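J.: Have a look; sequence and predicted model below, questions after that.
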Amino acid sequence: MSNDAAKAPAGSGAGTDKYKQRAVLLRVLVYVFVTHFIAGFITLLFYLGEHAPK
């Protein structure tokens, strides 16, 4: 079986160092955003629980 089918097309830029750096940057930004969103949601739950009528 030929290994040519597994390679990315030459014109797409996939597999280049610049493409990999951008993919890592995008992944880091998504992880940071999601982590802050979850932390904010948990903080909101604590705030609402603290101020709930008892």
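T.: Nice, I can see it.

J.: C-alpha only now, for contacts and for neighbours.
T.: OK.

J.: ok, which stretches of this structure are helices?
T.: Listed in chain order, the helices of the chain (DSSP state H) span 17-50.

J.: how far away is residue 45 from residue 22?
T.: Distance, residue 45 to residue 22, using Cα to Cα, to the nearest Å: 35 Å.

J.: Please apply the same query to residue 14.
T.: Distance from residue 14 to residue 22, by Cα to Cα: 11 Å.

J.: Where does pLDDT dip in this protein?
T.: Scanning the chain for pLDDT under 70 picks out the ranges 1-12.

J.: Geometrically speaking, which residue is the centre of it?
T.: In the chain, the centroid-proximal residue (Cα atoms, centre = their mean) is residue 30; its distance is 2.9 Å.

J.: and residue 33, how many neighbours?
T.: 12 (other Cα atoms under 10 Å).

J.: and residue 14, backbone torsions?
T.: For residue 14, the backbone dihedrals (degrees, to the nearest 10) come out as phi -70, psi 140.

J.: What is the burial count for it?
T.: Neighbour count of residue 14, defined by other Cα under 10 Å: 13.

J.: Leaving out sequence neighbours, find the closest residue to residue 13.
T.: Closest residue to residue 13 apart from its sequence neighbours, by Cα to Cα, 6 or more residues apart in numbering: residue 19 at 6.5 Å.

J.: and the gap between residue 39 and residue 19?
T.: 30 Å.
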